[in-house]
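>>> Provide a 3D model corresponding to the input given below.
(one chain, ligands or ions: 1)
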Amino acid sequence: MRLAQRLDNVETSAIRELFKLLGKPGIISFAGGFPDAALFDVDGIREAVLAALEHEPGAALQYGATEGFDPLREQLAAFMAAKGVTGVAPADLIVTTGSQQALDLLGKTLISPGDTVIVEAPTFLATIQCFRLYGAQLLTVPVDGQGADVEVLQRLIAEHRPKFIYLIPTFGNPSGAMMSEARRRRVLELAVRTRTLVVEDDPYGDLYFDAPPPPSLLALSAQVPGSRECLVHCGSLSKVLSPGLRIGWMVAPPRLLAKATMCKQFSDAHTSTFAQATAAQYLAAGRMPATLARVRAIYAQRAQAMVQALRHELGAAIEFVPPRGGLFVWARLSGAGGACADGAELARRAIDHGVAFVPGAPFFARDPDRATLRLSFATVDEDRIREGVRRLARALRG
Ligand code: PMP
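Just a heads-up that it's a prediction; the model follows:
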């Protein structure tokens, strides 16, 4: 069998290998990137399924438009409007099969082999793989507590004229970082000035803990003339409602949206009409605000438990910026006192001590920082978080 050449650009992720070890009994896992299944609003979704079958059985079970089910497009436009996005009509977005498909459609429509794309260091692993599959050369912009470094971004754009820039400005996976409003404005101004397309991936923005994050790039674009034409925004119901529904969406300039729709036609024809009708009913029933309030409160408590336990148990051996939302603590082993400073080595030892997490190196498209790790607090209750961190401390000591 002769496989396509494009597969030469990607390999199975190291993380997938690690997941094979997670079946060990009694292991506490901080490794997943999932929301907590125990928090799914099963009653609300059951009602939405029944309402979809009751009120629109034909549409819910029939083939549908590639762009998406219109009642859902309307609900999604309203969902974004409630978060300060102005001037985005239902026709300005398409529904995708998870935001993952939006990323794939962007790869298909924008990347020719050899094109340069700038991503954050670190960034979402599946994005790295997906863009590489289309032949992208990835350059990286470092992320600190305030998000991507705009000075470096500016220099990279000037030097390399990238096809586009991919950012997760709000509680990124894996960085957990929240880009400041000032940097968001500068990104949009830079995009306009250099005529560079910016892709904002925003599946976590609703999962804030204490205070809402700054407006999304999409919301801010109303205040930066010309920036809407340089901006793509990907949204998802996965982290706030259910990843199994596979409902994502993409807002993009009309020409790009039309090409992405054409590519989607050849890919899956349309996102499940049944899932779309269900999501539309769910949003129309007005349940989302209460669902969000509930998951935010629980993730906030778990995040706090993890942050406190890490400080208490690992002290100077670990450095991190406490997340203000999302699902992850992104941390760096300092090597203080001669402790292990290699994420992959610690991950191996940790499994033996009954705790799992993901080493950070694979999240770097280049020049990996091997001292980093990603810890998810989302699916573990507070007592187990504290116990897991104690085990991590033991693993670190030896
Ligand atoms: N983008 C980011 C940053 C993610 O972390 C994820 C899920 N882990 C996705 C996109 C894809 O999510 P989905 O396809 O379920 O919407």
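>>> can you list the domain ranges for this structure.
5-40+290-396, 42-287 (automatic domain parsing).
>>> could you count how many residues lie near the nearest residue in space to residue 6 that is not next to it in sequence?
In this structure, residue 6 finds its nearest non-sequential neighbour in residue 133, 5.6 Å apart by C-beta to C-beta, 6 or more residues apart in numbering. From N, CA and C alone the C-beta is placed, and that goes for glycine too. Other residues within reach of residue 133 by the criterion other C-beta atoms under 10 Å amount to 18.
>>> give the contact list for residue 133.
6, 7, 9, 10, 107 (C-beta atoms under 8 Å, 6 or more residues apart in numbering).
>>> just among those, which is most surrounded?
Going by other C-beta under 10 Å, residue 107 tops the contacts of residue 133 with 20 neighbours.
>>> around the ligand, which positions in the stretch 51-200 of the chain sit nearby?
Proximity of the stretch 51-200 of the chain to the ligand (C-beta under 6 Å from any ligand atom) is limited to residues 98, 99, 100, 124, 168, 173.
>>> list phi and psi for residue 383.
phi -60, psi -40 (degrees, to the nearest 10).
>>> please report the distance of it from residue 170.
29 Å (C-beta to C-beta, to the nearest Å).
>>> buried ones in the helix ranked longest in the chain?
If you go by DSSP state H, the chain has its longest helix at helix 288-314. By neighbour count with 16 or more other C-beta atoms under 10 Å, helix 288-314 contains the buried residues 288, 291, 295-296, 299-300, 302-307, 309-310, 313-314.
>>> what about that helix, average pLDDT?
Averaged across helix 288-314, pLDDT comes to 97.
>>> stretch 113-122 too?
98.
>>> next, the buried residues of that stretch.
So, applying 16+ other C-beta under 10 Å, buried residues of stretch 113-122: 115, 116, 117, 118, 119, 120, 121, 122.
>>> before we move on, what about stretch 25-41?
27, 28, 29, 30, 31, 32, 33, 35, 36, 39, 40, 41.
>>> please report how far the last one lies from residue 271.
Relative to residue 271, residue 41 is positioned 20 Å away (criterion: C-beta to C-beta).
>>> what of the first one?
Here the distance between residue 27 and residue 271 works out to 35 Å (C-beta to C-beta).
>>> what's the burial count for whatever residue of the stretch 51-200 of the chain ends up closest to the ligand?
Closest residue of the stretch 51-200 of the chain to the ligand, C-beta to the nearest ligand atom: residue 98 (2.5 Å). Using other C-beta under 10 Å, residue 98 has 21 other residues around it.
>>> report the contact partners of residue 172.
Contacts of residue 172 (C-beta under 8 Å, 6+ apart): 120, 123, 124, 143, 147, 204, 326.
>>> one step back: just the ones in helices from the buried residues of stretch 25-41, please.
Using DSSP H, none of the buried residues of stretch 25-41 sit in helices.
>>> ok, these vs the ligand, which is closest?
residue 33 (4.7 Å).
>>> pretty sure the closest one is touching residue 173, no?
Yes - assessed by C-beta atoms under 8 Å, residue 33 is found in contact with residue 173 at 6.3 Å.
>>> what is in contact with these two at once?
327, 328.
>>> quick check: chain neighbours aside, which residue is closest to residue 157?
The nearest residue in space to residue 157 (C-beta to C-beta, 6+ apart) is residue 194, at 5.1 Å.
>>> likewise residue 203?
Closest to residue 203 by C-beta to C-beta, 6+ apart is residue 236, at 4.0 Å.
>>> what sits against the one you found?
Residue 236 touches 98, 99, 202, 203, 247, 248, 249, counting by C-beta under 8 Å, 6+ apart.
>>> do stretch 276-287 and the ligand meet at all?
No - counting by C-beta under 6 Å from any ligand atom, the ligand has no neighbours in stretch 276-287; the shortest distance is 12.0 Å.
>>> what does that stretch rub up against?
So stretch 276-287 is contacted by 41, 44-45, 47-49, 51-52, 55-56, 59-60, 64, 68-69, 71-72, 74-76, 78-79, 95, 237, 241, 245, 247, 288 (C-beta under 8 Å, 6+ apart).
>>> now that stretch, how far from the chain's geometric center?
Remark: stretch 276-287 is offset 22 Å from the chain centroid, using C-alpha atoms, centre = their mean, to the nearest Å.
>>> please begin residue numbering at 46 from this point
Noted, 46 is the first residue going forward, which turns the last one into stretch 321-332.
>>> buried residues in it?
Applying 16+ other C-beta under 10 Å to stretch 321-332 flags 321, 322, 323, 324, 325, 326, 327, 328, 329, 332 as buried.
>>> sheet-wise, list the partners of the helix or strand hosting residue 165 with their directions.
If you go by DSSP states H and E, residue 165 is part of strand 161-166. If you go by DSSP bridges, strand 161-166 pairs up with strand 182-189 (parallel), strand 209-212 (parallel).
>>> between the ones you listed, which one is nearest to residue 200?
Nearest to residue 200 among the strands paired with strand 161-166 is strand 182-189 (9.3 Å), distances taken as C-beta to C-beta.
>>> which SSE is immediately downstream of the closest one?
strand 192-193.
>>> sheet partners, orientation included, of that following strand?
strand 182-189 (antiparallel).
>>> let me see the mean pLDDT of the strand it pairs with.
The model assigns strand 182-189 a mean pLDDT of 97.
>>> then stretch 364-381?
Rounded mean pLDDT across stretch 364-381 is 96.
>>> show me how far it is from its chain's centre.
Taking mean C-alpha positions (C-alpha atoms, centre = their mean), stretch 364-381 and its chain are 17 Å apart.
>>> does that stretch come close to the ligand?
No - residues of stretch 364-381 contacting the ligand under C-beta under 6 Å from any ligand atom: none, with a closest distance of 8.3 Å.
>>> give the buried residues for that stretch.
For stretch 364-381, by 16+ other C-beta under 10 Å, it's 365-366, 368-378.
>>> which of the residues you listed fall within helices?
Using DSSP H, none of the buried residues of stretch 364-381 sit in helices.
>>> so which of these belong to strands?
365, 373, 374, 375, 376, 377, 378 (DSSP state E).
>>> gap between the second one and residue 248?
Looking back up the chat, that one is residue 373. Distance from residue 373 to residue 248, by C-beta to C-beta: 12 Å.
>>> hey, what's in contact with both of these two?
Common neighbours of residue 373 and residue 248 (C-beta under 8 Å, 6+ apart) are residue 218.
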